[in-house]
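> I'd like to go over a predicted model; first the sequence, then the structure.
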Amino acid sequence: MDAIEDPPAVDPVNPFSPTAVARVTDAGALAATTVVTVAIRDALAHLDNYLRTGNGGTVAVVGDYGTGKTHLAAELLAHARRGSIGAGQAVYLDAPADTFLSLSRRFLGRLSREAVRALVQGYRAEVTDAAAQRPAGSDTRLLAERLRAELAEVTTDPSVGMVLAMLADPATEATAWDWLMGYPPGPALTAAGVTTRSDVESGAVETIGVLALLHARRHERFVLVLDELDKILSTAGRPGDETMARFARMLGVFASAGALLVIAGLPELLHLLSPQVRQRIGPIVRMSALTAQDVRDFIRQSQLRAFGQARLSPFTVETTEYLTNLTDGVPRRLIRLCYHLYQRAMQEGTPVTHRMVREAVRVQFDLASRQDVAADVRRVLTQEGWSYQRDHLIGSLRDLPVDFWVPLDEQGAGCCVLLTESVLKVEEVDELNRRVVAIRSAVPDSEVILVVVGHLPAEFSADLTETFSAEPIVHDPQTFAEDLSGSVKASMRRLEQTLGADALTSVRQRVERIQRQQTNAQRSLERLSYQLDEIRGDLRPDTRGPVRREPAATNPPGENGLTSALPGRVARVFVEAVQALDQLAGFERHLRDAFTPSRPEARRSGEAAPLLRSGLRSRDVQRALGTALVLRRLIEAFREGVEQWYTHHRQTPHPADLQRLDRLCETYDGIAEYLPLFQLDLLDDLALPEGGVPAESTDRSLNWSEARSMFDGLSGQVRRQVLQG
């Protein structure tokens, strides 16, 4: 097995991979170029120590996507095979996003039935002479006894030894293999006293440990590289106690067996583990970023392998420095960019330039452009209710306008937001500092916020922080809105304190900003409502054809009174969500009671109409009711989409079908994320229970908390219930 990457392009040959995704395969292939980093040196040192001493245990390799974990795994396997162990004793597994049983089956498949049978046959030869002195068929029993004694450190289940012994017999080989794969025992195994495992997941972990021990004892060394382990541990959220116990058992088994387990995954892998399990892990290797010198070495080695000449051209020292800074030294990004930059340089017949690097980074990684970030700034300022001016001129006509100017009332003061692309040179830092000085010279009472669209080295960030009002904001789609909002608020507060604005003026400004926020929020709700109408229209089935419905006896009616095609447990999730919203908001019930005053519950709860009139006088309550209405319609549209999906894909859905279900869930989450659910707290006065007795405030808060959890986690609940069949 070697790490392989996509073959280089031809005519002209491109020595770099267009995807930079390392894979490990049984078939040998052209080895990938390797630059020996600190992480690779550390990992190889731990492997060498194991090969020398035979002291088993676990090594963890952690790093973000694209940092080279799989490539490192291939290096470890190749290094082990160049040592004293063969291919059968150094195994790579890409962990499935499933269970330990699936992992065990993949492990057995990688070893193969023939290899495991040959391993057991080696033990069988040692008991053949003793069996010759006993009745026929006793060799299997002797082998089972020998294996039970050999495996005592791993398992106390006598069935394991018997099944392995029967694996060596061609007559029972197939049924024994099935049992190891986690299936119930066949008649031959049952007759020999083999039982069904009560816990197939624990049994799967035990099977992995048993085979690791047999390999390590028979061949003195055994290495298992388990890549992307976090996929198993995070399949159902944070792993529970049983999962932790099984994983801890696996770690202990490898240590006892004298085998080496290498687990690789994202940095979150370590946080998923309990403290007790983390203590069982030995060395931790953290993937390191490439330096500019590493990048130059990689380029030279790649061209040496492709052309027989270790050259840096068409790259230069300056462009490799620039490239490394822009990609933060992440190997996958660097290799992909090297491919595209080499291709373009060959087409244009020129060296790689800084402009080429910037364009390639933006195109290949879909990074935000300056225009994209400007749109984000406008959105944040609008949502927060700030008034602002775009491309505002400060100073003389010779000066560049500032990207955004947020004025503080009419006092000639305000906050500037400047946008700039990557800052990678000292000269660029000096130019930004000079610009801040010019702005403050023209408007002494001003704050300046710098937004960097690209990369900003830490040392430059520290220099700019001393000159600007706050630490520069490097655009990150996940955190930018929060970062900019907080920075603008802090800057405006500092200006108010500096100018000594009177309390009345400050209050007026805040009220005006809140009014703008409310207006913007109302517009957003109206847009969401319109989008929901469109979604429901797209999801609504064709009324010209018959709609298949399941019998009412098996599926409960939906909230619209019609029989739902969804299984009962799935339909109940939607019904409970709508009922919770109705109970907490109370509007639907009070509106109904207002027109049916003769109902007993209406009399117990007082006059519904005056209560509604009183509540609806408040604009805040009106907006909260709008939010509740949009949420209800969102839940209904989501239910209709899932119902249609289930009608067409209930029978063994294919991966593409599951992706469609995921998209439905993501659509719900994406819209619900923008709903201001906090506004629903304003409906407390309307949220009376059916009995008409007001709830205590603490109980009501608990109900709101539970309701928010229900709405936020609705898509996850629905998906789990649908997939349970």
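Perfect, I can see it now. Numbering: from 1, shown residues only.
> all contacts plus neighbour counts: C-alpha atoms, from now on.
Noted.
> next structured bit after the helix or strand containing Gln121?
Per DSSP states H and E: Gln121 is located in helix 113-132. Per DSSP H and E, the first helix or strand lying C-terminal to helix 113-132 is helix 138-150.
> of all the residues in that following helix, which ones are buried?
138-148, 150 (16 or more other CA atoms under 10 Å).
> other SSEs contacting it?
When contacts are defined as 3 or more CA pairs under 8 Å, 6 or more residues apart in numbering; DSSP states H and E, helix 138-150 sits against helix 113-132, helix 158-167.
> between the ones you listed, which one is closest to Leu450.
Closest approach to Leu450 among the helices and strands packed on helix 138-150 is made by helix 113-132 (62.7 Å; CA to CA).
> pick the most buried one from the helices and strands packed on helix 138-150.
Among the helices and strands packed on helix 138-150, the stretch with the highest mean neighbour count (mean count of other CA atoms under 10 Å) is helix 158-167, at a mean of 25.
> and the angle from that one to helix 138-150?
Per axes from the mean of the first three to the mean of the last three CA atoms, to 10 degrees, the angle that helix 158-167 makes with helix 138-150 is 140 degrees.
> downstream of helix 158-167, the next helix or strand is which one?
Where DSSP H and E defines the elements, the next helix or strand beyond helix 158-167 is helix 173-180.
> hang on, isn't Thr246 packed against Gly203?
Small correction: residue 246 is Arg, not Thr. No. Counting by CA atoms under 8 Å, Arg246 stays clear of Gly203, with 9.3 Å between them.
> one step back: a markdown table for the buried residues of helix 138-150, including pLDDT and distance to Glu220?
Below are these laid out as a markdown table (pLDDT from 0 to 100; distance: CA to CA, whole Å):
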| residue | pLDDT | distance to Glu220 |
| --- | --- | --- |
| Ser138 | 58 | 29 |
| Asp139 | 70 | 25 |
| Thr140 | 77 | 25 |
| Arg141 | 80 | 26 |
| Leu142 | 84 | 23 |
| Leu143 | 82 | 20 |
| Ala144 | 83 | 22 |
| Glu145 | 84 | 22 |
| Arg146 | 82 | 18 |
| Leu147 | 83 | 17 |
| Arg148 | 82 | 19 |
| Glu150 | 79 | 14 |
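> what's the closest of the residues you listed to Leu44?
Comparing these against Leu44 with CA to CA places Glu150 closest, at 30.4 Å.
> which one among the buried residues of helix 138-150 gets closest to Arg440?
Glu150 (79.9 Å).
> how much space separates that closest one from Val21?
41 Å (CA to CA, to the nearest Å).
> over to Glu220?
33 Å.
> do Arg494 as well
According to CA to CA, Arg494 and Val21 sit 49 Å apart.
> neighbour count winner among those two?
Taking other CA atoms under 10 Å, Arg494 and Val21 do not tie; Val21 has more neighbours (18 against 15).
> now that one: which helix or strand?
Here Val21 is assigned to no helix or strand, by DSSP H and E.
> make sure it is actually in contact with Arg332.
Yes. Between Val21 and Arg332 there is a contact under CA under 8 Å: 7.1 Å.
> wait, what's in contact with Arg390?
The contact partners of Arg390, taken as CA atoms under 8 Å, 6 or more residues apart in numbering, are 402-405.
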